[in-house]
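In: here is a sequence together with a model predicted from it:
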Amino acid sequence: MSIEELLREAHTLPRQEKFRLVQELISELADEVGITAGEYPIWSPYEAYDAAATLLRLLEEEKAEAV
Amino acid sequence: MIGAIRLPFVPLDPTQRDASLMPLLPLRLARGELQAAVSGILDTGAAVNVLPYSIGEQLGLSWEQQRTSVVLSGNLSQIQARGVLLSATVGSFPPVQLAFAWAQTDNVPLILGQANFFLEFDVCFYRSQSNFEVKPKSV
């Protein structure tokens, strides 16, 4: 399978499986170059703009109800 | 800043005091009669405020009754979250309404982010002096 075919297939995967694919590849690359693989959680919702829009809408709805 | 309160950065790792200094803001969250004294990390890169699950429980929130689903990002993208509104009081400033993504986990700090903590408060960081100032937004 060529890289183009592989990428086409990868784009059709569900979100969770895309994460898994990326994690597997990064882990393999890290092993190859001798970096200790592991999970380094970053608990910060960067670029969660949809979430921000949802919360701002919630605040607007609450304000409208209060009027 | 006129009328601002100045607070110190707090070391989160006692073994690496200077390297782990973070801007933690003490505040009181309230929902009806229920209150919780908490500390939130001021995270200017966070798009939203995030509330750990157990604090929501302390404030009497019921997961089943929260209908607004919020999709988070990064490590939090695999965790379900609901949008909730709480009253928040910082120091002696008047209470404001903050919207939180209430995460279904306690493996996350209480995060104060752009929507909507930084829409309600003006913050100035003086990291070189290990402190920061907070005041309500200018009207």
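Out: Looks like it arrived, so ask away.
In: could you use CA atoms for every contact and neighbour count after this?
Out: Fine.
In: spell out which parts of chain B neighbour chain A.
Out: B:43, B:45-48, B:68, B:70-76, B:78, B:83-85, B:99-101, B:108-109, B:111, B:114-116 (Cα under 8 Å from any Cα of the partner chain).
In: hmm, try it at 6 Å
Out: Chain B comes close to chain A at residues B:45-48, B:70-73, B:75, B:99, B:108, B:115, as judged by Cα under 6 Å from any Cα of the partner chain.
In: helices or strands next to the helix or strand hosting A:Glu60 in the packing?
Out: A:Glu60 is part of helix A:49-66, with elements assigned from DSSP states H and E. The contact analysis (3 or more Cα pairs under 6 Å, 6 or more residues apart in numbering or on different chains; DSSP states H and E) places helix A:49-66 against no helix or strand.
In: in that helix, what's buried?
Out: By neighbour count on 16 or more other Cα atoms under 10 Å in any protein chain shown, the buried set for helix A:49-66 is A:49, A:51-52, A:54-56, A:58-59.
In: for chain A, name the helix or strand with the lowest mean pLDDT.
Out: helix A:15-32 (a mean of 81; mean pLDDT, DSSP states H and E).
In: and that helix, what's buried?
Out: A:Ser27.
In: what's the closest non-adjacent residue to B:Val90?
Out: With sequence-adjacent residues excluded and distances taken as Cα to Cα, 6 or more residues apart in numbering or on different chains, B:Val90 is closest to B:Leu27, at 4.8 Å.
In: next structured bit after whichever strand or helix holds the one you found?
Out: For B:Leu27, the element it lies in under DSSP H and E is strand B:24-31. Toward the C-terminus, strand B:24-31 is succeeded by strand B:34-42 as the next helix or strand (DSSP H and E).
In: who does that next one touch, helix- and strand-wise?
Out: strand B:24-31, strand B:111-112.
In: residues in contact with stretch A:45-63?
Out: B:45-48, B:70-73, B:99, B:115 (Cα atoms under 6 Å, 6 or more residues apart in numbering or on different chains).
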